[in-house]
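Asks: Pasting the sequence and the predicted coordinates here, then a few questions.
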Amino acid sequence: MPDELDVLERHPKTAKPGEVMRPHNLMCFGCGAESPHGLQLEMYAGEGFTVEAKMPVEQWMEGGPGVIHGGILSSALDDVMGMTPRLLGPPGVTVHLQVDFLQPIPVGKTLHLRAEILGRQRRKIYTEGVAHLGDPERPVARANGVFVTVDVREHFAEHVENSAKAAEYMGGKPQL
Ligand SMILES: CCCCCCCC/C=C\CCCCCCCC(=O)SCCNC(=O)CCNC(=O)[C@H](O)C(C)(C)COP(=O)(O)OP(=O)(O)OC[C@H]1O[C@@H](n2cnc3c(N)ncnc32)[C@H](O)[C@@H]1OP(=O)(O)O
């Protein structure tokens, strides 16, 4: 993370601590309630610049026998960290993701996920994510992610027609 950082300010219209945060896309693999094969994470704004979610570790998420697949865990951390830019304003997309897997995470447990903004410089938002199984003092995974804010209309313009929600997002018009 660079030394020179911008001042962080919560956007006045973002969710208040304890409130649910709106999914960025109902089809999102991480937080979309309509994603048929997704994690369907419900995200809550926390105090300061934090976002929280809980995820039951189900059998379909298995990697090694009886434990979560690392890619599923990485996706969950990515998405919770990826929600933090919304606390400041425009959404961001992941440009860098790093995950430390500290302990095996058993099927049947509930994973507690928490992400926090560490700093911002221009469009870059530096975050960290932590996962635990109920005891915050005993993390089972840690992550760092860098997100870059984008103008969503511009950024997804070429791709939005591939979305299951294309008609909705394109407002019935042939072009954005
Ligand atoms: C239209 C309808 C709307 C529908 C409604 C839907 C709403 C959706 C809303 C919200 C979506 C949020 C979704 C979150 C989902 C969870 C997270 C994901 O899975 S995201 C998927 C994976 N990520 C990507 O696909 C990014 C791929 N990368 C890119 O597209 C480009 O790199 C992009 C646009 C992010 C940046 O490209 P540039 O050309 O605009 O800008 P440059 O100058 O290259 O970078 C800006 C700054 O970022 C730094 N940067 C770039 N890459 C970096 C890296 N890997 N590490 C560190 N810094 C990096 C650069 O050094 C630069 O920094 P300096 O401002 O100059 O200081």
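Replies: Right, received. Where do you want to start? Numbering: from 1, shown residues only.
Asks: show me what contacts Thr94?
Replies: Contacts of Thr94 were listed using Cβ atoms under 8 Å, 6 or more residues apart in numbering, and they are 78, 81-82, 145-147. Placement of C-beta: from N, CA and C, glycine included.
Asks: how about 6 Å then?
Replies: Applying Cβ atoms under 6 Å, 6 or more residues apart in numbering, we find Thr94 in contact with 78, 82, 145, 147.
Asks: One more: Met43?
Replies: Going by Cβ under 6 Å, 6+ apart, the list of residues near Met43 reads 21, 31, 51, 53, 83.
Asks: tally of neighbours for Val93?
Replies: Neighbourhood size, Val93 [other Cβ atoms under 10 Å]: 14.
Asks: Spatially nearest residue to it (excluding sequence neighbours)?
Replies: Leaving out its chain neighbours, the residue that sits closest to Val93 by Cβ to Cβ, 6 or more residues apart in numbering is Val150, at 5.7 Å.
Asks: Need the CA coordinates for the longest helix anywhere in the chain. CSV is fine.
Replies: When the chain is parsed with DSSP state H, its longest helix is helix 70-83. The C-alpha trace of helix 70-83 is given here as CSV (Å, rounded to 0.1, in the frame of the first residue of the first chain):
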residue,chain,number,x,y,z
GLY,A,70,-9.8,-22.8,-1.5
GLY,A,71,-11.4,-21.2,-4.6
ILE,A,72,-14.7,-21.0,-2.9
LEU,A,73,-13.1,-19.4,0.1
SER,A,74,-11.2,-17.0,-2.1
SER,A,75,-14.4,-16.1,-4.0
ALA,A,76,-16.2,-15.3,-0.7
LEU,A,77,-13.3,-13.1,0.5
ASP,A,78,-13.1,-11.4,-2.9
ASP,A,79,-16.8,-10.5,-2.8
VAL,A,80,-16.9,-9.3,0.8
MET,A,81,-13.8,-7.2,0.2
GLY,A,82,-15.3,-6.2,-3.2
MET,A,83,-18.3,-4.7,-1.5
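Asks: Need the phi and psi values for Glu168.
Replies: Backbone torsions of Glu168, given as degrees, to the nearest 10, read phi -70, psi -50.
Asks: correction: Pro85
Replies: phi -60, psi -30.
Asks: related to what we said a few turns ago, so how far is the longest helix of the chain from its chain's centroid?
Replies: 6 Å (Cα atoms, centre = their mean, to the nearest Å).
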